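> make a model of this:
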Amino acid sequence: MSNDAATAEAEGTVEAAPAAPEPIPHGLGASLPPADARAKTEGTFPYAADLWAEGLLWAAVLRSPHPHARIVSIDTTHAREMPGVRAVVTHEDVPGTPLHGRGGRADRPVFASEVVRHHGEPLAAVAADHPDTARMAAAAVIVEYEVLDPVTDPEQAFEAEPLHPDGNLIRHIPLRHGDPEAAGDVVVEGLYRIGRQDPAPIGAEAGLAVPRPDGGVELYLASTDPHGDRDIAAACYGLAPEQVKIVVTGVPGATADREDQGFQLPLGLLALKTGCPVKLTATREESFLGHTHRHPTLLRYRHHADAEGRIVKVEAQILLDAGAYADTSSDALAAAVAFACGPYVVPNAFIEGWAVRTNNPPSGHVRGEGAMQVCAAYEAQMDKVARKLGLDPAEVRLRNVLATGDVLPTGQTVTCPAPVAELLQAVRDFPLPALPKDTPEDEWLLPGGPEGAGEPGAVRRGVGYGIGMVHMLGAEGADEVSTATVKVQGGVATVLCAAVETGQGFTTLARQIVQETLGVDEVQVAPVDTDQPPAGAGCRGRHTWVSGGAVERAAKMVRTQLLQPLAHQFGMSTELLQIADGKITSYDGVLSTTVAEALDGKELWATAQCRPHPTEPLDEAGQGDAFVGMAFCAIRAVVDVDIEIGSVRVVELAVAQDVGRVLNPAQLTARIEAGVTQGVGIALTENLRTPRGLIRHPDLTGYALPTALDAPDIRIVKLVEERDVVAPFGAKAVSAVPVVASPAAVASAVRAATGRPVNRLPIRPQAAVATGN
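Just a heads-up that it's a prediction; the model follows:
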């Protein structure tokens, strides 16, 4: 012992030994942190905007300033002659299929050739040796237009001249269910409008294209559907799919289809034409102009109810503004029509749904598409039924909620867990927040915030409810399949799966699955590219279900390979062996060894697929088993409204959600809170205005996203873990359904506070001024 140590011991000041480090969370059900959390926090995580290559050129895209115009001529002479410009491409330079599109409908040109159909449509692209040169050259392309009157009202699209060779009607779904002559004791009607929201990803679009020696091209993109994007690009470039490779970079936020082909396709064309790497980094304005938005929607509703508040019949008309091109509008319309009555038992339903073209910016997949718009309308109708009958709004909902075994208006039986009543009761019974104090130091509690609030005496509190439902995975016969490979060597497991990590937590889930199944602590998830088998698009919870299921199956196959020699040695079945805490043991205790010892010197691997049960398209009467599964959420909103100036403060949102099984508590909580906050933006602030088809203020100053100061207290009061037996792990998607329910809940609460109908989202101040003010 040293003299210092002896002295310290004699004086009784010996420090205690350091505590053992906290064990790292392990396996399913643990809050395993994301592997890339540190890099993202420190700013060292590589995104597409950070990429570089030797001999790099920079790209810029020329976009139309008009929403509708005939193109008389395009002159690229001045742009080509500018010093530093290496290439200019237009529609004449597209060697393959000139049209592309998502949702199985190729109706969108790479570059407009004869007609411009929306503000911001690409016309030409330039590659130059400096980004400023590229932008100046794009501006130097001379386009002569014959400006045409835009069709911006979707109701006018039915009678307007065709805006596209495919016509103005993209899809019509008439749903017929029950007795058209049925009638109730009370009837309530409403007309509702939902505005256009932008996905507003944290990082704007960016990408890098590198030509290959075989005449192909590699695209480095933040794609959420790499194989789908590859196939579209290959067709437009006139190449075989194997000649185009997409490498997925870091994804800086994705609550929608992350990368629009209007960014991707010009990149590859320029790289093929110049033989050099080409990079494009969009400005925020270009991002707003280029990618798709949520469908603005017009909804007309009529609800019939009996004297007890039970719904007898629902009649509705739903009109989706698809913008200039079809994209995923058919899918959004199917969800809107199928869920038009909400998570309620409705014996008679007659719904008409249309998606039409206009000269507005294109609409596409955004989290909760279709379901969010109708939720705002049917929940407003439930409030009207309650008010007309003098009943409590929560009680009216409870008398009508769906349960497992009930039938949707599409004729599909709800076979998955549907604990809607339990969710609603949980939020209804949760204690209400305290009323704000009328003191100067608490002025920030008032609507409008510091210096912007009105008089405390003008503030009214309101409580409202929203119950949402979404479908999981694709629908109407979509072939949902994913493939994964699990390899184990040297005590390290590697997962290869083309499921893109968009922030939904798939890479963390994949690590947890392998840890749980194989007892291996170190699990790596390989970067995604299209050399791997396809895993599909990252939306509607499909990677948790389908890709997670593929990883689980592959890991179980490796587990069998690992255990078979031991089982054979001891004369027992592999089912009698278990893996836990890094050890392999038999049921009788005869065998006990570590996973590391069993793996010593071995290389094991397996590949597996997961494909859920098939679905079918809706028929001519809107009937069919169109969905694999559904998820539900109930939210109670508490708001304070200044009824003189119409400002709204969301005080609290109490959330109860049907999650199937909690796989990662921390991630699940974060996803629910993020979805709820996004819904608050939809309810109060987010509205991409497009007067006469022109996007006004395409930036994050004019487009008001909710900030941390706008986020309310979010109380997750209940998570119902009733496992869906057909889903891997029994888990459900959790991100979309809070987005669907929270705008409806906020609107319901403002309705309660003001007595106003509140029939438009986002809620405008004049709609929140109480009657008589």
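
> CA only for contacts and neighbour counts going forward, please
Will do.

> what about the closest residue to Leu700 other than its chain neighbours, neighbour count?
Leaving aside its chain neighbours, Leu700 sits nearest to Arg284 (7.8 Å; criterion: C-alpha to C-alpha, 6 or more residues apart in numbering). Neighbourhood size, Arg284 [other C-alpha atoms under 10 Å]: 18.

> and the pLDDT for Arg284?
For Arg284, the pLDDT comes out at 90.

> cool, and Val337?
98.

> assumed it was part of a helix.
Yes - the assignment for Val337 (DSSP: H, G, I helix; E, B strand; the rest coil) places it in a helix.

> from Val558, how far off is the residue nearest to it when sequence neighbours are not counted?
Of all residues not flanking Val337 in the chain, Gly353 sits nearest, at 6.1 Å (C-alpha to C-alpha, 6+ apart). To Val558, Gly353 is 48 Å away according to C-alpha to C-alpha, to the nearest Å.

> Val662 sits in which helix or strand?
Counting by DSSP states H and E, no helix or strand carries Val662.

> and what of Ile682?
Short version, using DSSP H and E: Ile682 is in helix 665-684.

> what's the helix or strand that comes right after that helix in contact with?
Once the chain leaves helix 665-684, the next helix or strand it forms, by DSSP H and E, is strand 713-720. Strand 713-720 is touched from outside by 419, 423, 426-427, 430, 651-661, 669, 673, 676, with contacts defined as C-alpha atoms under 8 Å, 6 or more residues apart in numbering.

> and what of stretch 270-286?
Residues contacting stretch 270-286 (C-alpha under 8 Å, 6+ apart): 49, 53-60, 86-89, 120, 125-127, 204-211, 215-217, 263, 267-268, 698-700.

> put the buried members of these into a PyMOL selection.
Buried residues within the contacts of stretch 270-286, by 16 or more other C-alpha atoms under 10 Å, are selected in PyMOL with:
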select buried, resi 49+56+57+58+59+60+86+87+88+89+120+125+126+127+204+205+206+207+208+209+210+211+216+217+263+267+268+698+699
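
> in helices, which of the contacts of stretch 270-286 fall?
Taking DSSP state H, the ones among the contacts of stretch 270-286 that sit in helices are 263, 267-268.

> just the buried members of the contacts of strand 713-720?
419, 423, 426-427, 651-661, 669, 673, 676.

> mind listing which of those residues are in helices?
423, 426-427, 669, 673, 676.

> ok, so of these, who is nearest Gln512?
Gln512 lies nearest to Thr669 out of these, by C-alpha to C-alpha, at 17.0 Å.

> shaky segments in this protein?
By pLDDT under 70, the weakly predicted segments of the chain are 1-25, 103-104, 256-259, 436-444, 449-454, 771-773.

> pull the longest helix from it.
The chain, longest helix under DSSP H: helix 548-570.

> tell me how far it lies from the chain's centre.
34 Å (C-alpha atoms, centre = their mean, to the nearest Å).

> who's in contact with it?
Residues contacting helix 548-570 (C-alpha under 8 Å, 6+ apart): 482-487, 495, 497, 506, 509-510, 513-514, 517-518, 573-574, 577, 591, 598-599, 604-610, 728-729.

> how close does Tyr465 get to Leu576?
On the measure of C-alpha to C-alpha, Tyr465 and Leu576 end up 50 Å apart.

> who has more neighbours, these two?
Tyr465 (30 against 12).

> just checking, what packs against whichever strand or helix holds the more buried one?
Assigned by DSSP H and E, Tyr465 belongs to strand 459-475. Packing partners of strand 459-475 (3 or more C-alpha pairs under 8 Å, 6 or more residues apart in numbering; DSSP states H and E): helix 329-338, helix 371-389, helix 393-398, helix 542, strand 627-642, helix 736-754.

> gap between Pro213 and Arg86?
Pro213 is 19 Å from Arg86, by C-alpha to C-alpha.

> sorry, slip of the keys, the one I care about is Thr594.
61 Å.

> can you pull out the residues in contact with stretch 657-676?
28-32, 417-419, 423, 504-505, 509, 631-634, 714, 716, 718-724, 729-739, 742.

> how long is it end to end?
Start-to-end, stretch 657-676 (C-alpha to C-alpha) is 12 Å.

> thinking again about what came up before, just the buried residues of the contacts of stretch 657-676.
Using 16+ other C-alpha under 10 Å, the buried ones in these are 28-32, 417-419, 423, 504-505, 509, 631-634, 714, 716, 718-724, 729-739, 742.

> would you confirm that Arg193 contacts Asn759?
Yes - the pair Arg193 and Asn759 passes the contact test of C-alpha atoms under 8 Å, sitting 6.5 Å apart.

> now stretch 533-548, how far from the centre of its chain.
12 Å.

> for it, which residues meet the burial criterion?
Buried residues in stretch 533-548 (16+ other C-alpha under 10 Å): 533-548.

> I'd guess Leu270 is in a helix, am I close?
Yes - checked against three-state DSSP, Leu270 lies within a helix.

> which ones among the contacts of helix 548-570 map onto strands?
482-487, 495, 497, 577, 604-610 (DSSP state E).

> quick check, nearest of the residues you listed to Met82?
Cys497 (44.8 Å).

> and for the closest one, the neighbour number?
Using other C-alpha under 10 Å, Cys497 has 28 other residues around it.

> skipping adjacent residues, who's closest to it in space?
Nearest residue to Cys497, sequence neighbours excluded (C-alpha to C-alpha, 6+ apart): Ala484, at 4.6 Å.

> that neighbour: how many residues sit nearby?
As a measure of burial, Ala484 has 29 neighbours, counting by other C-alpha under 10 Å.

> for Thr701, same thing?
8.

> would you list the phi and psi of it?
phi -90, psi -50 (degrees, to the nearest 10).

> I'd like to know how far it sits from Ile584.
58 Å.

> list the buried residues of stretch 564-578.
For stretch 564-578, using 16+ other C-alpha under 10 Å, the buried residues are 564, 566-567, 574, 577-578.

> and the helices in the stretch 1-150 of the chain, which stretches?
Here the stretch 1-150 of the chain has its helices, by DSSP state H, counting those that start in this stretch, at 3-10, 37-42, 77-81, 131-140.

> list the contacts of the last one.
It refers to helix 131-140. By C-alpha under 8 Å, 6+ apart, helix 131-140 touches 58-62, 76, 78-80, 82, 84-85, 124-128.

> now, the residues you listed that are in strands?
Reading strands off the contacts of helix 131-140 with DSSP E, I get 58-62, 85, 124-128.

> got the residues you listed as JSON lines, with distance to Ser329 columns?
Output for those, formatted as JSON lines (distance: C-alpha to C-alpha, whole Å):
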{"residue": "Trp58", "distance to Ser329": "33"}
{"residue": "Ala59", "distance to Ser329": "30"}
{"residue": "Ala60", "distance to Ser329": "28"}
{"residue": "Val61", "distance to Ser329": "26"}
{"residue": "Leu62", "distance to Ser329": "26"}
{"residue": "Val85", "distance to Ser329": "38"}
{"residue": "Ala124", "distance to Ser329": "26"}
{"residue": "Ala125", "distance to Ser329": "27"}
{"residue": "Val126", "distance to Ser329": "31"}
{"residue": "Ala127", "distance to Ser329": "33"}
{"residue": "Ala128", "distance to Ser329": "36"}
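
> fine by me, we can end here.
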